[in-house]
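[1] Sequence and predicted structure below; questions after.
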Amino acid sequence: MKLTILGGGGFRVPLVYGALPADRAEGRITEVALHDVDADRLTAVTRVLAEQAAGRPGAPRVTAGRDLAEAVRGADFVFSAIRVGGLAGRAADERIALAEGVLGQETVGAGGIAYGLRTVPVAMEIARTVAELAPDAWVINFTNPAGLVTEAMSRVLGDRVIGICDSPVGLARRVARAAGADPATARVDYAGLNHLGWVRAVHADGRDLLPGLLADPVALESFEEGRLFGAEWLRTLGAIPNEYLHYYYFNRETVAAYRAADRTRGGFLLDQQAGFYTRALRPGPGALDAWRGTLAEREATYMAANRAAAGAGERAGEDLESGGYEKVALALMRAVARDERATLILDVRNRGALPGLDADAVVELPCLVDANGARPLAADPLPDHAAGLVTAVKAVERAVLEAADGGSLSAAVKAFALHPLVDSVAVARRLVDAYRAAHPGLAYLTGR
């Protein structure tokens, strides 16, 4: 089977490829086609993959190129892992937002809106290309903001595009473990949007273990989210939030920490990955070692500003365990290709599963996956505080889609102004002006 990876020069591609040779069953991936607009990044990542494949019989054949049509044609699965504007664009998103005193994170708040506005038109073009040249392919969307981009692509591809994220998978594993359950067998009730969800129950041995966990402050603060949010706030919520909700619940503290930092997260990754790509392009072996070292540093510094704001300290060793995108993606491909039933937390069209949102809204829920794709499992309504955030952010996503669809400048302003983390229409207007000045890819925003 053929797997096409769009954004094939991306830093995380070796995570996916490195897991493929271990699969020896029928229906496995035998060809990986990498596509990227940056030839040097493609060359660097191809070298890493070649070192990964060395000495591993049956490792998938790798091709690489810049022709989208050639990469997509004949694919069984297409991973969309693009970053429109690159890390330089992410760093600019962060700086522009912080200059206005609001959050610039790449998927949350002003930064996420800016990223979405320049990504959705490109994602839609990819969706149309796949629909034309590989109509039977399944698209697995890694591209952030994952829920928004998946919903955009679903307008062309329907249920044949599925979004994935490792945040809820890692959260579910950590919560189950802290509650005393086996993460492999526990059934976790998780619901919301991408980067905006909550664990509401952990079922094992016929009972819900979450109330006991919430009553135990030592167990609560034994894992990442417990230290990040604090036991008292988690007991108040009666749930365990996705780590990205720290940006909402402790917004002022996080913005202050980001503004006080020497560099934004995007700026750090821009410098760090530039070093990796330079080393990986040097003649001779060493590309894989350079990638591994860079990955370890990347994971150890993840959400460092939030942990600083919360006084949560360094990441624990178990929190550095790979979540990970590659495990979710491979489990999803196996379930679809081999009709092996699996339950995975994914980003899919709602179909009435989560009350309060329409059928076409992409939500993040446990899904039953088989050869027919992913179907969300029915979920209980969210409590009012969570439902309010979810519906507000979904309205923002819809405004982004409206802006991207018609080039509407007013819809772009509406997207910023309606977001809970942007507190002023005047700020929203200034943000739109600044982002349009910084990103040529937003020049399409001209109409009313």
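    Cool, got the structure.
[2] rest of the way, CA atoms for contacts and neighbours
    Noted.
[3] Relative to residue 19, how far out is residue 52?
    With distances defined as CA to CA, to the nearest Å, the gap from residue 52 to residue 19 amounts to 10 Å.
[4] which of those two has more neighbours?
    The neighbour count for residue 52 versus residue 19, taken as other CA atoms under 10 Å, is higher for residue 52 (18 against 14).
[5] Is the more buried one part of a helix or strand, or is it coil?
    helix (DSSP: H, G, I helix; E, B strand; the rest coil).
[6] Sketch out the low-pLDDT regions of the stretch 251-400 of the chain for me.
    Applying pLDDT under 70 to the stretch 251-400 of the chain flags the ranges 302-323.
[7] ok, 90 please
    Across the stretch 251-400 of the chain, the stretches falling below the confidence threshold (pLDDT under 90) are 261-265, 283-285, 296-328.
[8] My understanding was that residue 280 contacts residue 292; is that so?
    No - the pair residue 280 and residue 292 fails to qualify as a contact (CA atoms under 8 Å) at a distance of 11.2 Å.
[9] Neighbour count: the two, which is higher?
    Taking residue 280 and residue 292 together and counting by other CA under 10 Å, residue 280 has the greater number of neighbours (25 against 15).
[10] residue ranges of the helices in the stretch 101-250 of the chain, please?
    With DSSP state H, counting those that start in this stretch as the criterion, the stretch 101-250 of the chain has helices at 109-133, 146-157, 167-178, 210-214, 217-220, 224-229, 231-237, 246-249.
[11] got it, and the stretch 301-448 of the chain?
    Listed in chain order, the helices found in the stretch 301-448 of the chain under DSSP H, counting those that start in this stretch are 304-310, 325-338, 384-406, 409-418, 425-438.
[12] Could you dump those helices into TSV with distance to residue 1 and mean neighbour count added?
    Below are the helices of the stretch 301-448 of the chain laid out as TSV (distance: least, CA to CA, whole Å; neighbours: other CA atoms under 10 Å):
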stretch	distance to residue 1	mean neighbour count
helix 304-310	39	20
helix 325-338	9	20
helix 384-406	33	19
helix 409-418	40	23
helix 425-438	41	18
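[13] among these, which is nearest residue 168?
    For residue 168, the closest of the helices of the stretch 301-448 of the chain is helix 325-338, at 10.5 Å, according to CA to CA.
[14] could you give the angle of the closest one to helix 167-178?
    100 degrees (axes from the mean of the first three to the mean of the last three CA atoms, to 10 degrees).
[15] what distance separates helix 325-338 from the middle of the whole chain?
    Using CA atoms, centre = their mean, to the nearest Å, the distance from the centre of helix 325-338 to the centre of the chain it belongs to is 16 Å.
[16] same deal with stretch 40-57?
    The chain centre lies 24 Å from the centre of stretch 40-57; the measure is CA atoms, centre = their mean.
[17] Identify the residues contacting it?
    Here stretch 40-57 makes contact (CA atoms under 8 Å, 6 or more residues apart in numbering) with 8-11, 13-14, 17-18, 21, 34-36, 59-60, 62, 64-65, 277, 280-281, 285, 287-288, 291.
[18] buried ones in that stretch?
    41-53 (16 or more other CA atoms under 10 Å).
[19] For the nearest residue to residue 63 once chain neighbours are set aside, give me its contacts.
    By the measure of CA to CA, 6 or more residues apart in numbering, the closest residue to residue 63 outside its immediate chain neighbours is residue 33, 4.8 Å from it. Each residue near residue 33 by CA under 8 Å, 6+ apart is listed here: 2, 3, 4, 5, 8, 62, 63, 64, 65, 71.
[20] Where does residue 33 sit: helix, strand or coil?
    Reduced to three states with three-state DSSP, the structure at residue 33 is strand.
[21] quick one on the thing from earlier: let me have the buried residues of stretch 40-57 in JSON lines, adding pLDDT and distance to residue 258 as columns.
    Compiled in JSON lines, the buried residues of stretch 40-57 are given as follows (pLDDT from 0 to 100; distance: CA to CA, whole Å):
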{"residue": "41", "pLDDT": "96", "distance to residue 258": "29"}
{"residue": "42", "pLDDT": "97", "distance to residue 258": "32"}
{"residue": "43", "pLDDT": "97", "distance to residue 258": "34"}
{"residue": "44", "pLDDT": "96", "distance to residue 258": "31"}
{"residue": "45", "pLDDT": "97", "distance to residue 258": "31"}
{"residue": "46", "pLDDT": "97", "distance to residue 258": "34"}
{"residue": "47", "pLDDT": "97", "distance to residue 258": "35"}
{"residue": "48", "pLDDT": "96", "distance to residue 258": "33"}
{"residue": "49", "pLDDT": "97", "distance to residue 258": "35"}
{"residue": "50", "pLDDT": "96", "distance to residue 258": "38"}
{"residue": "51", "pLDDT": "96", "distance to residue 258": "37"}
{"residue": "52", "pLDDT": "95", "distance to residue 258": "36"}
{"residue": "53", "pLDDT": "94", "distance to residue 258": "39"}
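[22] which two of those lie the greatest distance from each other?
    When the buried residues of stretch 40-57 are compared pair by pair using CA to CA, the two farthest from each other are 41 and 53, 18.4 Å apart.
[23] which other residues reach stretch 125-138?
    Under the criterion CA under 8 Å, 6+ apart, residues 69, 72-78, 153, 156-157, 160-162 lie in contact with stretch 125-138.
[24] can you check stretch 190-199 too?
    Taking contacts as CA under 8 Å, 6+ apart, the residues outside stretch 190-199 that touch it are 107-108, 145-147, 165, 167-168, 172, 188-189, 200-201, 239-245, 345, 347, 354, 362-366, 379, 382, 390.
[25] So which of the residues you listed are in strands?
    Helix and strand membership here follows DSSP state E; of those, those in strands are 188-189, 200-201, 240-241, 345, 347, 362-366.
[26] could I get these as JSON lines with neighbour count?
    Below are the ones in strands among the contacts of stretch 190-199 laid out as JSON lines (neighbours: other CA atoms under 10 Å):
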{"residue": "188", "neighbour count": "25"}
{"residue": "189", "neighbour count": "18"}
{"residue": "200", "neighbour count": "20"}
{"residue": "201", "neighbour count": "22"}
{"residue": "240", "neighbour count": "26"}
{"residue": "241", "neighbour count": "26"}
{"residue": "345", "neighbour count": "28"}
{"residue": "347", "neighbour count": "30"}
{"residue": "362", "neighbour count": "28"}
{"residue": "363", "neighbour count": "32"}
{"residue": "364", "neighbour count": "28"}
{"residue": "365", "neighbour count": "29"}
{"residue": "366", "neighbour count": "25"}
